[in-house]
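J.: would you be able to build a 3D model of this:
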Amino acid sequence: MERRWRTISPFGITIDGAERCTTPMPGSALLHINTIRSSTMHVLNRDEMEYEIEGCSLRDIINFNEYLVLKVIKDLLDSNVPLCRCSLCIEDVFALALNSLPPRYIQITSLERYTASENFIDEKKVKEKVMDAWERISKNPAH
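T.: As a prediction, the model looks like this:
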């Protein structure tokens, strides 16, 4: 039997899940859902998330490594390197590369200070992580 649930975090973020279990769960403990992926994707849509707290907009705080990973992936795809270009592989590479890098959240106004700091991760290191991710995904693609 598979049990599915939906949890709403204290921050209002909905998380869907599923796991195999041998004992049935009472209906009141779970909210059954039809599809996990589609509802999770809807919840994690950045355009629909509220980034304002008490009049303070948090939209300009970004993970700078996310920007660099995007740039490296675009550069690699533009350079005609023989890589799978399907959306699933690109998404997997993006996620895997980001998960292999520490997050570096910065305010847009602090970019110059961040790039001069000892915590800065340069594009060369990011490219290594992206290439490692692409190699792993190529060996075991999800399609």
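
J.: use CA for all of it now, contacts and neighbours both
T.: Will do.

J.: what is the helix of greatest length in the chain packed up against?
T.: Longest helix in the chain by number of residues (criterion: DSSP state H): helix 123-139. Applying 3 or more CA pairs under 8 Å, 6 or more residues apart in numbering; DSSP states H and E, we find helix 123-139 packed against helix 64-78, helix 87-99.

J.: got the angle between that helix and helix 87-99?
T.: In terms of direction (axes from the mean of the first three to the mean of the last three CA atoms, to 10 degrees), helix 123-139 departs from helix 87-99 by 130 degrees.

J.: C-alpha coordinates for helix 123-139, CSV please?
T.: Extracted as CSV, the C-alpha positions of helix 123-139 are listed here (Å, rounded to 0.1, in the frame of the first residue of the first chain):
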residue,chain,number,x,y,z
GLU,A,123,32.7,30.2,-12.5
LYS,A,124,35.5,27.7,-13.0
LYS,A,125,34.5,25.8,-9.9
VAL,A,126,30.9,26.0,-10.8
LYS,A,127,31.7,24.7,-14.3
GLU,A,128,33.5,21.7,-12.7
LYS,A,129,30.3,20.9,-10.7
VAL,A,130,28.1,21.3,-13.8
MET,A,131,30.3,19.0,-15.8
ASP,A,132,30.4,16.4,-13.0
ALA,A,133,26.6,16.6,-12.8
TRP,A,134,26.2,16.1,-16.6
GLU,A,135,28.5,13.1,-16.5
ARG,A,136,26.5,11.5,-13.8
ILE,A,137,23.2,12.2,-15.5
SER,A,138,24.6,11.0,-18.8
LYS,A,139,25.5,7.6,-17.2
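
J.: and of the helices and strands packed on helix 123-139, who's closest to residue 112?
T.: Closest of the helices and strands packed on helix 123-139 to residue 112 is helix 64-78, at 11.8 Å (criterion: CA to CA).

J.: list the buried residues of the closest one.
T.: By neighbour count on 16 or more other CA atoms under 10 Å, the buried set for helix 64-78 is 64, 65, 66, 68, 69, 70, 72, 73, 76.

J.: returning to that earlier point: quick check: buried residues in the longest helix of the chain?
T.: Neighbour-count burial for helix 123-139 [16+ other CA under 10 Å]: 126, 127, 129, 130, 131, 132, 133, 134, 137.
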